[in-house]
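In: Provide a 3D model corresponding to the input given below.
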Amino acid sequence: MFKSKFRFVLTGLLSLSLLALTGCGSTSTPTPSSDPAPVEKVLRVGSDIAYAPFEFMDEKQQATGFDIELIRALGADMGYTDVNIETAAFDGLIPALQAGKYDAVISAMTITEDRAKAVTFSDKYFLSGQYIAMKKGANIKSMDDLKGKKVGVQLNTTGQYAVEDKGMEPNKYDTTPDAMNALISGGVDAVVADSPVVLWFQAQNPTAQIESINADSGEEYYGIAMKLGNTELADKMNASLKKLMDNGTYNDIYKKWFKEDAPKF
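Out: Below is the predicted model of the structure:
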């Protein structure tokens with residue numbers, strides 16, 4: 001009798017315990033996962049987005065162009081989840097890079113000795129040179145023919161330096177399109193600027209009666225600028241640049257914008 005009662009009481013207590021545990025289980029919150037949320041890795045890039053076909057705004061006001069596609073491809077290859085591109089005046093890009101606003105600058109920037117003292121450049125990624133743009137019939141055949149004329153250039157570009165090296169004081173504009181529009185309106189007699197930009201402007205303005213010639217000021221190579229001494233990023237950038245050149249991605253982007261295969265350099 002005693003044993004039977006004991007078994008009955010024990011069975012009841014076990015049942016209540018199970019009900020209590022079931023009730024606790026129904027109201028408990030799941031244990032949070034110990035895996036951390038994925039961290040976004042953004043490459044911050046500065047560019048003067050007024051330099052077609054390298055960087056410019058499309059009809060939807062989205063940045064596009066050769067440089068823009070290239071830096072996005074490089075960012076993806078380096079493992080960045082996003083490439084954030086911000087526009088700024090060309091002559092303000094290096095100071096902003098030095099101040100830490102950007103991780104890199106891509107803006108058809110020619111590698112020069114003076115700039116290399118202020119930034120760390122990637123390996124060269126584009127071959128260019130200076131062209132002289134003029135109205136048809138201007139009879140300008142060389143840089144020497146620009147003496148005594150009003151010459152437009154973009155501020156702090158190698159076009160400005162090429163004109164000044166000839167002892168001339170050019171008219172400086174914030175962008176090359178501004179200088180080219182001044183040529184159309186008669187504000188200047190000629191413009192000295194990077195050859196692809198001059199040729200692109202001519203193609204986009206076929207009724208403007210513009211012609212151009214090679215300025216014969218030497219070959220120039222563009223580089224991606226990074227903060228001086230940032231060898232870690234520069235090494236990664238160069239490795240990805242080489243990879244894109246080797247696997248044909250670079251040539252595909254080049255051919256899209258310039259309608260020919262990229263030159264070897």
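In: shaky segments in this structure?
Out: For the chain, the stretches flagged by pLDDT under 70 are 1-39.
In: That one: strands as residue ranges?
Out: With strands called from DSSP state E, the chain shows them at 42-47, 56-57, 63-64, 82-87, 104-105, 119-121, 126-128, 130-135, 151-154, 171-173, 190-194, 210-214, 220-222, 225-227.
In: how about the ones you listed, which one is nearest residue 259?
Out: With CB to CB as the criterion, residue 259 lies closest to strand 126-128 of the strands of the chain, at 15.2 Å. Bear in mind the C-beta positions are built from the backbone N, C-alpha and C, glycine included.
In: circling back: now the strands of the chain as JSON lines including distance to residue 259?
Out: Output for the strands of the chain, formatted as JSON lines (distance: least, CB to CB, whole Å):
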{"stretch": "strand 42-47", "distance to residue 259": "23"}
{"stretch": "strand 56-57", "distance to residue 259": "17"}
{"stretch": "strand 63-64", "distance to residue 259": "16"}
{"stretch": "strand 82-87", "distance to residue 259": "24"}
{"stretch": "strand 104-105", "distance to residue 259": "27"}
{"stretch": "strand 119-121", "distance to residue 259": "27"}
{"stretch": "strand 126-128", "distance to residue 259": "15"}
{"stretch": "strand 130-135", "distance to residue 259": "17"}
{"stretch": "strand 151-154", "distance to residue 259": "24"}
{"stretch": "strand 171-173", "distance to residue 259": "28"}
{"stretch": "strand 190-194", "distance to residue 259": "17"}
{"stretch": "strand 210-214", "distance to residue 259": "17"}
{"stretch": "strand 220-222", "distance to residue 259": "19"}
{"stretch": "strand 225-227", "distance to residue 259": "27"}
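In: how close does the residue nearest the centre of the chain get to residue 74?
Out: Centroid check for the chain by CA atoms, centre = their mean gives residue 106 as the closest residue, at 3.9 Å. Using CB to CB, to the nearest Å, we find residue 106 at a distance of 9 Å from residue 74.
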